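*Asks:* pasted the sequence and its predicted model underneath.
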Amino acid sequence: MMAGCGSSAAAGGPARHIPVMLSEVLAALDPKDGEIIVDGTFGAGGYSQAVLDRADCKVIAIDRDPEAFRLSGLLAQNYPGRLLAVLGRYSEMEAIAASEGFNAVDGVTLDLGVSSMQLDRPERGFSFMQDGPLDMRMGEGGLSAGDVLNTLSEQELAEILWKLGEERRARAIAKAIVARRAEQPIATTGELADLVAKVLGRKRDETKHPATRTFQALRLFLNEELDELANGLAAAERLLKARGRLAIVTFHSLEDRIAKRFLASRSAPPPRASRHLPESEAKIFAPSFQLLNRRPVEPDKKEIARNPRARSARLRAALRTAAPAHPLDLAALGVPRLGFAV
């Protein structure tokens, strides 16, 4: 959901944010007149608007962020009866589609991660570039990043940073967090970013801020984003019609690994020659997707120059077959499991 700046109107007003690889995603979705498309991560509405402009179709726009939901309601006014705005999680897309009168759809797009709309507002607490409260919640309610940092044990914090941020010095950072909060609670994004930078140091030629992985880990933990992704992909598999299209844009290795494994497992032939399988088992393992791109599509140099946040984006796309949906196995998809519950 990382987006760049643009001049086109979206969500009822001038849009500052446009999803990466917009033309590539549109090509993968290939919307047609009369179809139903699910935009599971509406954000600022760039994908939804482009789909609605491309074809005389309907879009079910889902987002758990109340601000994004407000924007989708504004954009819906420009497409009467064609943009159906829903506040919710994309893992719930089956129930959401059913509530709108649809038991199957023709396309699903997911633009993962945090949006520029969220990053650019310091009060949301997602960015270390501007000081703000330690929030990081995509939806309403639940623990904030400040709650987590100031209450979890050193071991629990280290596990979050290691498994969800792939931070090699997770233990050192967790130890520093616990030591700092013993003096006074950590209250702002700037405080956390400075603390991590002191632990890790910063090289002159380093392009990423030292706190990048720490912020990623906290955000993924608070919003349960990787579980949401796995369950959302499985929901899309069940909801898509035969010949329906799935387009997923990821921004870091953990997301991309889950999307890659999901599509690889769903597009591979049965593990044994089907003539040796019972008929019911053969149907379960028949490929439920056909890959549209063997390797992920990446933004070109012009787009990266225009929008540096797009540099890590990867697009994976696939075409739904008529085979039954596969059972969901979180472990097989590489969804990290934490050894504690909050």
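*Replies:* Arrived safely.
*Asks:* okay, strands next: where are they in the stretch 1-150 of the chain?
*Replies:* 3-4, 9-10, 13-14, 18-19, 36-39, 58-63, 83-87, 105-111 (DSSP state E, counting those that start in this stretch).
*Asks:* please parse this structure into its domains.
*Replies:* 3-116+225-333, 139-223 (automatic domain parsing).
*Asks:* which stretch among those domains comes nearest Phe340?
*Replies:* Closest to Phe340 of these, according to CB to CB: domain 139-223, at 5.3 Å. The way it works is simple: take the backbone N, C-alpha and C, and place the C-beta from them, glycine included.
*Asks:* for the domains of the chain, which one sits closest to Gly339?
*Replies:* Gly339 lies closest to domain 139-223 among the domains of the chain, at 6.3 Å (CB to CB).
*Asks:* start to end distance for that closest one?
*Replies:* 8 Å (CA to CA, to the nearest Å).
*Asks:* how far away is the residue most central in space within the chain from Pro269?
*Replies:* The centre of the chain sits closest to Leu112, judged by CA atoms, centre = their mean, with a distance of 2.1 Å. Computed as CB to CB, to the nearest Å, the Leu112 to Pro269 distance reads 28 Å.
*Asks:* just Glu140 next, same as before
*Replies:* Distance of Glu140 to Pro269, given as CB to CB: 44 Å.
*Asks:* that older thread, would you convert the domains of the chain into CSV that also reports distance to Val342 and mean pLDDT?
*Replies:* CSV is the format used below for those (distance: least, CB to CB, whole Å; pLDDT from 0 to 100):
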stretch, distance to Val342, mean pLDDT
domain 3-116+225-333, 14, 89
domain 139-223, 7, 93
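*Asks:* re the thing from before, switch the strands of the stretch 1-150 of the chain over to CSV; also include mean neighbour count and distance to Phe69.
*Replies:* Converted to CSV, those look like this (neighbours: other CB atoms under 10 Å; distance: least, CB to CB, whole Å):
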stretch, mean neighbour count, distance to Phe69
strand 3-4, 24, 17
strand 9-10, 18, 14
strand 13-14, 10, 16
strand 18-19, 26, 17
strand 36-39, 28, 12
strand 58-63, 27, 6
strand 83-87, 22, 4
strand 105-111, 26, 16
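*Asks:* surely Pro336 touches Asp227?
*Replies:* No: Pro336 lies out of contact with Asp227 (CB atoms under 8 Å); the separation is 9.3 Å.
*Asks:* what about those two, which has more around it?
*Replies:* Pro336 (19 against 16; other CB atoms under 10 Å).
*Asks:* my read: the residue nearest to the centre of the chain touches Asp256, true?
*Replies:* No: counting by CB under 8 Å, Leu112 stays clear of Asp256, with 9.0 Å between them.
*Asks:* list residues touching both of these two?
*Replies:* Common contacts of Leu112 and Asp256 (CB atoms under 8 Å, 6 or more residues apart in numbering): Thr250.
*Asks:* residues near Met136, how many?
*Replies:* When neighbours are defined as other CB under 10 Å, Met136 has 25 of them.
*Asks:* residues contacting it?
*Replies:* Arg124, Gly125, Phe126, Ser144, Ala145, Phe215, Leu218, Arg219, Leu222, Asn223.
*Asks:* just give the closest residue to it, not the sequence neighbours.
*Replies:* Of all residues not flanking Met136 in the chain, Ala145 sits nearest, at 4.2 Å (CB to CB, 6 or more residues apart in numbering).
*Asks:* you'd agree the one you found is up against Gly132?
*Replies:* No: counting by CB under 8 Å, Ala145 does not reach Gly132; the two are 10.5 Å apart.
*Asks:* comparing those two, which residue is more hemmed in?
*Replies:* More crowded of Ala145 and Gly132, by other CB under 10 Å: Ala145, with 23 against 18.
*Asks:* for that one, give me its contacts.
*Replies:* Gly125, Leu134, Asp135, Met136, Arg137, Leu192, Leu218, Arg219, Leu222.
*Asks:* ok, now how distant is it from Ala318?
*Replies:* Applying CB to CB to Ala145 and Ala318 gives a distance of 34 Å.
*Asks:* excluding its backbone neighbours, what's nearest Ile258?
*Replies:* Ile258 sits nearest to Leu333 (CB to CB, 6+ apart), 4.9 Å away.
*Asks:* what about the one you found, how many neighbours?
*Replies:* Number of residues near Leu333 (other CB under 10 Å) recorded here: 20.
*Asks:* swap in Gly34?
*Replies:* Gly34: 10 surrounding residues under other CB under 10 Å.
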